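Student: Sequence below, structure please.
(chains A and B)
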Amino acid sequence: MNELFSRLSLYMSYSFVRYALIVGVLIALCSSLLGVTLVLKRFSFIGDGLSHVAFGAMSVAAVVGLTNQMLIVLPVTIVCAVLLLRTGQKARLQGDASVAIISVTALAVGYLLMNVFPTSSNVSADVCGTLFGSSSILNLRMAEVWVSIALSVVTVAVFVIFYHRIFAVTFDENFAKATGVKTDLYNLIIAVIIAVVIVLAMNLVGSLLISALIIFPALSAMRIFKSFFSVTICSTVLSVSTALLGILAAILLKTPVGPTIVMGEALVFVVFWIVGACMGVKKV
Amino acid sequence: MAQIKVNDVSLGYERGAIVSHLSFEVKEGDYLAIVGENGSGKSTLMKTLLGLLKPLAGEIVFGDSLRKNEIGYLPQQTVVQRDFPASVMEVVLSGCLSNGKFHPFYNKADKARAEANIMRMGISHLKARSYRELSGGQQQRVLLARALSATEKILLLDEPVTGLDPKVTMEMYDLIKKLNDEGVTIIMISHDIAAAVRYADHILHLGEKMFFGEVADYKKSDFGRLFLTEGGER
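Tutor: Residues are numbered from 1 along each chain as shown, chains lettered A, B, ... in the order given. This is a model prediction of the structure:
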């Protein structure tokens, strides 16, 4: 045990480990905020679809040779988020289908581009890294850390300011609209936040596993807690602590970061599910 | 002057009108029941009154210091709401968002109004409970309290007793009547014609033939008699 701690303190002296922890916690915080809304609006898969879009955009950025890939990835993902949420409102089923279409297309384009215009000698390692976020969280540069911090602060601030509106739009969009709440605006805000979170989270868990980061904490919290506020708080606490422990565990056990965190989330979900079932909370 | 005046309005979606040349008005304190078969345009009319849809033709005038977004609305329950983790207080408070300028958080007046409406609906003991754990009738009361928090002037109720058992249905109708007696204008969409005739004072019957007028006239008309005997007035 002592050996574990001394190894931990050794790692903590490396700046890349500290960066990873800071950014990891921030990403976890942001991604859990909107989980409840997405789950309840039946938009769980939008995160998945958007992350594939972000993957496609990232490979385009790599091929073009941009040093700051955010410049392409962020706007493209935001545009797709807006489009997807918009179709989702009009017809649920078509919304599902459009998510599927956009996500597989983006995935295919991304992989195709990376193969046709390889930017490094080991294409499959690159692809694997982008999909599962193998090591990028441990290779963050100072500038990326600052970008993450800035985007996280904005995301949290926007969420807090519009919290009650987001609740109203999630709970009953028609009522909110009928009583003069600008639902289109808030749906737009939700879409933009999701896009930003996904682009941020690609660093941490890679594009295939982002949904887990968004959905799991909310689902776990909903098993036990009963009000929107307590569910939101609980899911952020869960998300942040699993991310923190997951990153540390991954470093100590030398496992890939993303999958380790997601395994942790899944474990927490099972525990909360059992506890919820024992407490007799109505199933979701 | 009427709170809502509908002038020669056609309703529907781009594909075509469902209702054409509809005219009626709602005065302060009225209790209007909108009846008609499925597909006769009840929901479309409701969405149009709420401003969620634009009328294809004609105009809807809001008067008596009633602004467009001052209609309280009791929607039909959605699947999303049935397992939504929200406390009763959170749901009722969300009705207060419509009032005035943008404030990120609720103020004391909002909270007091929500509390008062919770008490008015007789659900104070459920205030901290989770919405998804309540029975159908209790959930309807929560949504009524939310609608009242949005406005005191006029309530639009969309099939308020769907899925409720007979006893709770009666209580719900009595509660709505009580609100009406307190001066809240009620517009209720229903396909329970018998109850509509018993509680409302005006009827709007949508369909191939339309009727708008007082309940007494509706009962006397051939048209109303036909539907009342078919529906079996209890």
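Student: In the chain, what helix or strand scores lowest on average pLDDT?
Tutor: Went with chain A since none was named. Lowest by mean pLDDT, DSSP states H and E among the helices and strands of chain A is helix A:123-132, with a mean of 71.
Student: got the buried residues for it?
Tutor: For helix A:123-132, the buried set under the neighbour-count rule, 16 or more other Cβ atoms under 10 Å in any protein chain shown, comprises A:126-132. C-beta coordinates here come from the backbone N, C-alpha and C atoms, glycine included.
Student: For chain B, which residues are neighbours of chain A?
Tutor: Residues of chain B lying close to chain A by Cβ under 8 Å from any Cβ of the partner chain are B:47, B:50-52, B:68-69, B:71-73, B:75, B:78, B:80-81, B:83-87, B:90-91, B:93-95, B:97-98, B:104-106, B:129-130, B:132-133, B:146-147, B:150-151.
Student: Let me see the ranges of the helices in chain B.
Tutor: For chain B, the helices defined by DSSP state H cover B:42-50, B:79-82, B:88-93, B:108-120, B:136-150, B:166-181, B:193-199, B:215-220, B:222-231.
Student: Could you identify which of the ones you listed has the lowest mean pLDDT?
Tutor: Lowest mean pLDDT of the helices of chain B: helix B:222-231, a mean of 66.
Student: circling back to that earlier point, and the least confident helix or strand of chain A, C-alpha only, in PDB?
Tutor: Extracted in PDB, the C-alpha atoms of helix A:123-132 (Å, rounded to 0.1, in the frame of the first residue of the first chain):
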ATOM      1  CA  VAL A 123      -2.500   4.600 -39.100                       C
ATOM      2  CA  SER A 124      -4.300   2.000 -37.000                       C
ATOM      3  CA  ALA A 125      -2.700   3.300 -33.800                       C
ATOM      4  CA  ASP A 126      -3.900   6.800 -34.700                       C
ATOM      5  CA  VAL A 127      -7.400   5.600 -35.400                       C
ATOM      6  CA  CYS A 128      -7.500   3.500 -32.200                       C
ATOM      7  CA  GLY A 129      -6.200   6.500 -30.200                       C
ATOM      8  CA  THR A 130      -8.900   8.800 -31.500                       C
ATOM      9  CA  LEU A 131     -11.700   6.200 -31.000                       C
ATOM     10  CA  PHE A 132     -10.700   5.100 -27.500                       C
END
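Student: Now do B:Leu157, the pLDDT please.
Tutor: pLDDT at B:Leu157 comes out at 91.
Student: My guess is it contacts B:Ile189. True?
Tutor: Yes. B:Leu157 lies in contact with B:Ile189 (Cβ atoms under 8 Å); the separation is 6.7 Å.
Student: who's more crowded, those two?
Tutor: B:Leu157 (26 against 23; other Cβ atoms under 10 Å in any protein chain shown).
Student: how about the more buried one, what does it touch?
Tutor: Counting by Cβ atoms under 8 Å, 6 or more residues apart in numbering or on different chains, B:Leu157 makes contact with B:74, B:176, B:186-189.
Student: Could you do A:Ala176 as well?
Tutor: Listed by Cβ under 8 Å, 6+ apart, the contact set of A:Ala176 reads A:165, A:168-169, A:183, B:94, B:97.
Student: ok, now A:Ile78?
Tutor: A:191-192, A:195-196.
Student: Same question for A:His52.
Tutor: A:His52 neighbours (Cβ under 8 Å, 6+ apart): A:102-104, A:106-107, A:110, A:207.
Student: and it, what helix or strand is that in?
Tutor: helix A:44-64 (DSSP states H and E).
Student: That helix to helix A:123-132, inter-axis angle?
Tutor: 140 degrees (axes from the mean of the first three to the mean of the last three Cα atoms, to 10 degrees).
Student: mean confidence score for helix A:44-64?
Tutor: If you average the pLDDT values across helix A:44-64, you get 82.
Student: How about stretch A:75-92?
Tutor: 73.
Student: Find the nearest non-adjacent residue to residue 72, please.
Tutor: Picking chain A for this. Spatial nearest neighbour of A:Ile72, chain neighbours left out: A:Ala61 (4.3 Å); criterion: Cβ to Cβ, 6 or more residues apart in numbering or on different chains.
Student: ah, no, chain B please
Tutor: B:Ala147 (3.5 Å).
Student: what residues are up against the one you found?
Tutor: Counting by Cβ under 8 Å, 6+ apart, B:Ala147 touches A:175, B:72-74, B:95, B:155.
Student: hmm, who's touching the helix or strand that the least confident helix or strand of chain A is followed by?
Tutor: Downstream of helix A:123-132, the next assigned helix or strand under DSSP H and E is helix A:142-161. Contact with helix A:142-161 is made by A:19, A:22-23, A:26-27, A:29-30, A:33-34, A:70, A:140, A:166, A:189, A:193, A:196-197, A:200, A:203, B:104, as judged by Cβ under 8 Å, 6+ apart.
Student: For helix A:142-161, output the C-alpha coordinates as CSV.
Tutor: Provided in CSV are the C-alpha atoms of helix A:142-161 (Å, rounded to 0.1, in the frame of the first residue of the first chain):
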residue,chain,number,x,y,z
MET,A,142,-0.4,23.7,-21.6
ALA,A,143,-2.5,25.5,-24.3
GLU,A,144,-4.9,22.6,-24.5
VAL,A,145,-5.3,22.6,-20.8
TRP,A,146,-6.3,26.3,-20.8
VAL,A,147,-8.7,25.8,-23.7
SER,A,148,-10.4,23.0,-21.7
ILE,A,149,-10.6,25.1,-18.6
ALA,A,150,-12.1,28.0,-20.5
LEU,A,151,-14.7,25.9,-22.3
SER,A,152,-15.6,24.1,-19.0
VAL,A,153,-16.1,27.4,-17.1
VAL,A,154,-18.3,28.7,-19.9
THR,A,155,-20.3,25.4,-20.1
VAL,A,156,-20.9,25.3,-16.3
ALA,A,157,-21.8,29.0,-16.2
VAL,A,158,-24.3,28.7,-19.1
PHE,A,159,-25.8,25.6,-17.4
VAL,A,160,-26.3,27.3,-14.1
ILE,A,161,-27.7,30.5,-15.6
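Student: in it, what counts as buried?
Tutor: Result for helix A:142-161 [16+ other Cβ under 10 Å]: buried residues A:144-145, A:147-148, A:151-152, A:155-156, A:158-159.
Student: before we move on, the earlier item: and the contacts of B:Leu157, which two are the farthest apart?
Tutor: Largest separation among the contacts of B:Leu157 by Cβ to Cβ: B:Ile176 and B:Ile189, giving 12.1 Å.
Student: Weed out the non-buried ones from the residues of chain B next to chain A.
Tutor: For these, buried by 16+ other Cβ under 10 Å: B:47, B:50-51, B:69, B:71-73, B:75, B:81, B:84-87, B:90-91, B:93-95, B:97-98, B:106, B:129-130, B:132-133, B:146-147, B:150-151.
Student: tell me which parts of the stretch 1-150 of chain A are close to chain B?
Tutor: Counting by Cβ under 8 Å from any Cβ, the stretch 1-150 of chain A comes close to chain B at A:36, A:40-42.
Student: Please produce JSON lines containing the residues you listed, extended by neighbour count and secondary structure.
Tutor: Output for the residues of the stretch 1-150 of chain A next to chain B, formatted as JSON lines (neighbours: other Cβ atoms under 10 Å in any protein chain shown; DSSP: H, G, I helix; E, B strand; the rest coil):
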{"residue": "A:Val36", "neighbour count": "28", "secondary structure": "helix"}
{"residue": "A:Leu40", "neighbour count": "23", "secondary structure": "helix"}
{"residue": "A:Lys41", "neighbour count": "20", "secondary structure": "coil"}
{"residue": "A:Arg42", "neighbour count": "14", "secondary structure": "coil"}
